[in-house]
Structure formats: C-alpha cells, structure tokens
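>>> give me a 3D structure for the following:
(chains A, B, C and D)
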There are 2 protein chains.
Amino acid sequence: MAHDHGMPADLTRNQELVLGALNHAPAPLSAYDILDKLRSEGLRAPLQIYRALDKLVERGLAHRLESLNAFVACADAHCHRKGLIAFAICEACGKVDEFADEVIEERLGAWAKDTGFKTERTTMEIRGKCAACLKAAA
Amino acid sequence: MAHDHGMPADLTRNQELVLGALNHAPAPLSAYDILDKLRSEGLRAPLQIYRALDKLVERGLAHRLESLNAFVACADAHCHRKGLIAFAICEACGKVDEFADEVIEERLGAWAKDTGFKTERTTMEIRGKCAACLKAAA
DNA sequence: GCGGCGACGTTATGCTATAACGTATTCAAG
DNA sequence: CTTGAATACGTTATAGCATAACGTCGCCGC
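The predicted structure follows:
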C-alpha cells in the first residue's frame, strides 16, 4: 500500500473529513487549521471540527497534543494503541513521533499505587529537535 | 515555619505578587484567575501576569500545566528541582502532586539517544483522582 | 551623559474552546 | 405506524487563553 489511510467504515462525513485532514498533514493541526482546510468541503464552524475531533480522540484514531493545542492522527491507523503513549515533537519541522514504553508505564503505575492515586489519563510530551533536523542544521 | 513562602529576594513586584497568588492557591490558577486576584494590587492587563509567569517558570519557581492551561507554584520553594517532573492532577479537588522519577527520566533519555532526538523540555501530566477524594467518595 | 537593557503599562488583537439553541436522522419498542 | 431516545448536525454567540506592538521608565556600566 503506497498510502495507507484506511479508516473505519462507520465514521460520519465530518469525522472522515477531519481524520483525512490529519492523515495528510505532515505535522499537528489545530482545530482552526483543520477548519480552514475543510471550508471547501462546506464546513464552517469550529464546533463541527471539535465535535469530530472529540469522537476521533475518544476512539483512539487521533490524539490531542496538550502542549500545542493541536491534534495528530494516530500513528497506527489500525489498532488503538493501548496504555500510555509518549509524543516527541520536533520544534523545527513539527513532526511528531509516537512511542510507548512499558517501563515508564510500570513506574507511573507504581507511583499511583503507592500514593493511592487513580489514574485516568496520562499525557507525556517531549519537545526538542528530531535527528533529521539536527543533521540538517549541522 | 508555619507557612513557608520564602521567595527569592530579587523578584520584581509583579513577579512577587503572582508567585504569592500561586503560593496561596490550593489548586492551579489560570493567568486570568491570577489577574482577578491581583486587581486590588493595581494589576490590570493579562500581559502583566504572563510576563511575570514567564520569568517564574523560567526560574523554576512555578510550573505550567499544559493540560489545564494553568500554573502552580513549584512544590519545593527552595531548590529548583532538576530534570523531569511529573504532575498528578486530581480532577475532583484540583490539587497537584509533583514528583520525579529517575527511572522514567533514564528511559526517556535512552529513547532519545536511540532515535537521535535532542530533548529540550518534557511535560508529563497524570489526570485522575487523588487518594483523599477517592476516600471521600467511598 | 548616554546607550543598552530589562521591566513596565496600555491598547488592540488573535487563537482556542464551548454554551445554547434548534433541526435531521436513525432505530427500536410499543 | 408512530413515538421517543439517541446521536449527529448546523448556526450564532460568547467565553477563555495568549501575544503583538507600541511607548515609557529606571538602572547600571562606560
């Protein structure tokens, strides 16, 4: 497959459009960025975007990056990755790398257990420069 | 000391006021929350708050919580904690617990080394319910 | 003195997100 | 069939978060 943008079949039109926009973007998009890309499709209001994003995030098809107030498509289009996901965000090119680490997850779990905290959601975001940009700058 | 709010002596008036507001708050405050608390001191514009916050965060006296768009005083008023800090935010009472974990730091460092990513800043925020609130709800 | 620097104050503006309302569609139970 | 719940939709208005751009002031070293 040259371009794997397979999406679940049961998305609504708006959800499909929003996910499509995220899939084709090389970097995270804000809700308003997405709106601008989709005006030609008839979308007009921020709420149309936010509502679609809520569903997509809920289903694990997209992620919200808290430190950017922006969104990305899930790196793995097929499976909803379980557990904690970390994001590495390049401040030069904007690309986002997504990874999981069981050890980190286990450490956070241990901390929660020790303190009696009930975790509902965890965000981990690393800002910096990716290898490609470092190389290009050298 | 009953109430340890010792601050560095070289803060400007605005920085002192803002840090004071954060120190006395039981939960994170948004910049506008702070502004409202400080109107009686003569502060009027958001920028006055944001400028002070920038400096405080830069010096490690306060932290920004990305997932809340809000700020807290550093839990340890004296030393600027080094390295990565994780925040556990209770969605019931708003309290924030701040902790560090070398293992996590080491794992992220290893990931960065492997992929050639140069980390500049990391945010880790856990949302959930604290032990006290869980107990109260039971 | 003077020039650089950093903090300050003010106005205006831009970006991010949600409230509140009503409508359209689907679908299953009665 | 039809009625009611559930869900998505569209629109307008508004709330909440953050910064641009300008000029001023006071400090300090030269």
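>>> just checking, next helix/strand downstream of the lengthiest strand in chain A?
Within chain A, and with DSSP state E defining each element, the longest strand by residue count is strand A:118-129. Downstream of strand A:118-129, the first helix or strand assigned by DSSP states H and E is helix A:131-137.
>>> what does that following helix contact?
A:90, A:92-93, A:95, A:129, B:115-118 (CB atoms under 8 Å, 6 or more residues apart in numbering or on different chains). Heads up, the C-betas are built off the backbone N, CA and C, glycines and all.
>>> the closest residue to DNA strand D within chain A - how many residues pack around it?
With distances taken as CB to the nearest atom of the strand, chain A approaches DNA strand D most closely at A:Thr12, which sits 3.0 Å away. Look at A:Thr12: counted by other CB atoms under 10 Å in any protein chain shown, it has 11 neighbours.
>>> tell me the pLDDT of the closest residue to it other than its chain neighbours.
Setting aside the residues directly before and after it, A:Thr12 is nearest to A:Ala52 in space (CB to CB, 6 or more residues apart in numbering or on different chains), at 7.5 Å. Residue-level confidence at A:Ala52 comes out at 98, pLDDT.
>>> secondary structure element for the closest residue to A:Lys37 other than its chain neighbours?
Nearest residue to A:Lys37 in three dimensions, chain neighbours excluded: A:Ala21, at 4.9 Å (CB to CB, 6+ apart). Under the criterion of DSSP H and E, A:Ala21 resides in helix A:13-24.
>>> can you tell me the SS state at A:Ile104?
Reducing the assignment at A:Ile104 to three states with DSSP: H, G, I helix; E, B strand; the rest coil gives helix.
>>> surely it meets A:Leu84?
Yes. A:Ile104 lies in contact with A:Leu84 (CB atoms under 8 Å); the separation is 6.7 Å.
>>> what do those two both touch?
Counting by CB under 8 Å, 6+ apart, the contacts common to A:Ile104 and A:Leu84 are A:Met124.
>>> which one of these two is surrounded by more residues?
More neighbours sit around A:Ile104 than around the other of A:Ile104 and A:Leu84, counting by other CB under 10 Å; the figures are 25 against 21.
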